[in-house]
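A.B. asks: got a sequence here, can you model it:
(3 chains)
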Amino acid sequence: MNQVLDLVGIFVFALSGALVGVRKRLDVVGMAVLAEMTALGGGILRDLILNVRPAAFSSTGYVLVPIAATVIVFFWHPHVQRVMPAVDVLDAAGLGLFCAVGTEKAMNFGLSPLHGALLGVTTAVGGGILRDILAGQIPNLLYDRQLYAVPAMLGSAVMAALYTVDLHGWPATLAAAVLAFGLRIAAMRLRLRAPLARGVTSE
Amino acid sequence: MNQVLDLVGIFVFALSGALVGVRKRLDVVGMAVLAEMTALGGGILRDLILNVRPAAFSSTGYVLVPIAATVIVFFWHPHVQRVMPAVDVLDAAGLGLFCAVGTEKAMNFGLSPLHGALLGVTTAVGGGILRDILAGQIPNLLYDRQLYAVPAMLGSAVMAALYTVDLHGWPATLAAAVLAFGLRIAAMRLRLRAPLARGVTSE
Amino acid sequence: MNQVLDLVGIFVFALSGALVGVRKRLDVVGMAVLAEMTALGGGILRDLILNVRPAAFSSTGYVLVPIAATVIVFFWHPHVQRVMPAVDVLDAAGLGLFCAVGTEKAMNFGLSPLHGALLGVTTAVGGGILRDILAGQIPNLLYDRQLYAVPAMLGSAVMAALYTVDLHGWPATLAAAVLAFGLRIAAMRLRLRAPLARGVTSE
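C.D. replies: Residues are numbered from 1 along each chain as shown, chains lettered A, B, ... in the order given. Below you'll find the model as predicted:
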């Protein structure tokens, strides 16, 4: 179950990576690199910091699913663009799932709730940041004023809190993931915006 | 003592990260990411290479001090800009401290003096490099011709030399840090410049 | 023998890094950073993922050879530019060698053939990607449509296949390296190009 959810999250993140590749007119190699890094980058960063071998390097599905996403985007990217609202919803699901799973794994390895939540957020947003750096643009997350990291922070914080009162396993993970997902969807619907520093305008 | 110095270095590096965020019109999330990465990035790179869990992920202060720096810059960045000369002096202190501490930690983990010094420099300048990559600009260090890495190299080399003759502990660390600090200040005052390749002009 | 080949590969990759530094008008520090990262970055990424201390931090030659390359480019870059076709051939040799050695090391550490080959490719192309990110440009590999990663993939795949039938040691490594080298040279000569996503033109 967890495995299937994971692969769905990876697939959606890989789609977003491959689509950025199309927008930047990268070749098929560039599309595949962006798809793999967007999908797996956050988890790889998490595992490097936890000092364990990255999960991406022992799972076959993790490596092949982004290739499948690349093939789909390669041939049918106009269609994928057309269903972007659906992709955005799935992306929110991936965000929620990755922050909850990342926080739980970090705390399994003995990190404090604060550091566990921080690493959960890293898991959720790290792939997108690497995608944007590779594509030669400032990471979206840093300036687009959408609430993207904030739902992941709240989801991670709830996961960390549940863990400290000994609630873990998949119901707790799912609860934290659904919370982050819901907040992300709400932020999109309500067009909530992160503030700029005092006196700064966005031009 | 060491702990306090460390937190001062982290605070100053975080200020510089958050200020770059303001200059690039990033939102508050982007400012916080830049503050954290500038302050902690060098040490995280060092610890990943030493194959130990990054210190940033077991210390509460390391995570919270950059948040405090972000809040200060968020509300009072014009004031912080006005005291930039003082911030530059503190940044030089952070540079000196991080290169000395980084070299010592690397040699504690059994690296040779050459590699220890290399990792010390990485500790000192890694955060600023990550800051600039995230902010979408070529790292300052690579082109601004200021002597920034060079004082760190000399401080790290002295630390490595002292360590090989069995002088470590805080007096040695402090001596190396003060040397790098002094060289950095001197380089700023005297406007010393790193050379360009033969025949290249800076336009 | 292996050691000598390794150092040749590192030297050539470092030349390419330092030359990008000249083209971007970086100072000597920037040139040295690019030389080191281009030459050592792929292997460092590989070793971080394998969760071992990076080879670059226990070998003296690995650190000093890029410095030598920086000095050469600093004083004689017009001459180096003039012999670029020869440098490109050596770069292809480095590519072949690094993908084969990387795959073998990964499988020595117990990775599956799929993941071993993936890490071999990472070893071969990771340094160039880091070079371009540091130099503020989209990695060449992602958009230039040259077949650069593809020969490394095929060389890595052959190395992984040989390893699974228990053929390793230097003759197998050399065979895989020569194959990737030959494919890379052929791709350059025949101007083979990686495709863009359907309907995308390169302007």
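
A.B. asks: residue ranges with poor pLDDT in chain A?
C.D. replies: For chain A, the stretches with pLDDT under 70 are A:1-2, A:202-203.

A.B. asks: what does it put close to chain C?
C.D. replies: A:21-22, A:24-31, A:33-34, A:44, A:48, A:51-54, A:57-58, A:60, A:63, A:73-78, A:133-136 (C-beta under 8 Å from any C-beta of the partner chain). Where you see a C-beta, it was placed from the backbone N, CA and C, and this is true even at glycine.

A.B. asks: what subset of those residues is buried?
C.D. replies: A:21-22, A:24-31, A:33-34, A:44, A:48, A:51, A:53-54, A:57, A:63, A:73-74, A:77, A:133-136 (16 or more other C-beta atoms under 10 Å in any protein chain shown).

A.B. asks: quick one on the thing from earlier: let's see which of the residues of chain A next to chain C end up in strands.
C.D. replies: Among those, none falls in strands (DSSP state E).

A.B. asks: restrict those residues to contacts with chain B.
C.D. replies: A:48, A:51, A:133.

A.B. asks: show the contacting residues for the last one.
C.D. replies: To tie it back to what came earlier, the one meant is A:Ile133. By C-beta atoms under 8 Å, 6 or more residues apart in numbering or on different chains, A:Ile133 lies in contact with A:139, B:133-134, C:133.

A.B. asks: rewinding a little: among the buried ones among the residues of chain A next to chain C, which ones are in helices?
C.D. replies: Cross-referencing these against helices under DSSP state H gives A:21-22, A:28-31, A:33-34, A:44, A:48, A:63, A:73-74, A:77, A:133-134.

A.B. asks: looking at these, which one is closest to chain C?
C.D. replies: A:Gly30 (3.0 Å; C-beta to the nearest C-beta).

A.B. asks: I'd say that closest one and C:Leu142 touch.
C.D. replies: Yes. With contact defined as C-beta atoms under 8 Å, A:Gly30 counts as touching C:Leu142 (3.0 Å).

A.B. asks: what residues are shared contacts of those two?
C.D. replies: A:21, A:24.

A.B. asks: how far away is the residue nearest the centre of chain A from chain C?
C.D. replies: With distances taken as C-alpha atoms, centre = their mean, A:Ala124 lies nearest the centre of chain A, 3.6 Å away. In this view, A:Ala124 and chain C are 20 Å apart by C-beta to the nearest C-beta, to the nearest Å.

A.B. asks: ok so that residue is a helix residue?
C.D. replies: Yes. When classified by DSSP: H, G, I helix; E, B strand; the rest coil, A:Ala124 is found to be part of a helix.

A.B. asks: mind listing what A:Glu104 touches?
C.D. replies: Contacts of A:Glu104 by C-beta under 8 Å, 6+ apart are A:116, A:120, A:159, A:163, A:168, A:172-173.

A.B. asks: quick one on the thing from earlier: need the contacts of A:Ile133 in TSV (columns: distance to C:Ala180).
C.D. replies: What follows is the contacts of A:Ile133, written out as TSV (distance: C-beta to C-beta, whole Å):
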residue	distance to C:Ala180
A:Pro139	33
B:Ile133	29
B:Leu134	33
C:Ile133	23
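
A.B. asks: just the closest residue of chain A to chain B, please.
C.D. replies: Counting by C-beta to the nearest C-beta, chain A gets nearest to chain B through A:Leu142 (3.0 Å).

A.B. asks: what's the separation between that residue and B:Gly43?
C.D. replies: 21 Å (C-beta to C-beta, to the nearest Å).

A.B. asks: go on, A:Trp170?
C.D. replies: In terms of C-beta to C-beta, A:Trp170 sits 35 Å off from B:Gly43.

A.B. asks: the two: who's more crowded?
C.D. replies: It is B:Gly43, of A:Trp170 and B:Gly43, that has more neighbours when counted by other C-beta atoms under 10 Å in any protein chain shown, with 27 against 14.

A.B. asks: that one is in contact with B:Gly102, isn't it?
C.D. replies: Yes. If you go by C-beta under 8 Å, B:Gly43 and B:Gly102 touch, sitting 7.3 Å apart.
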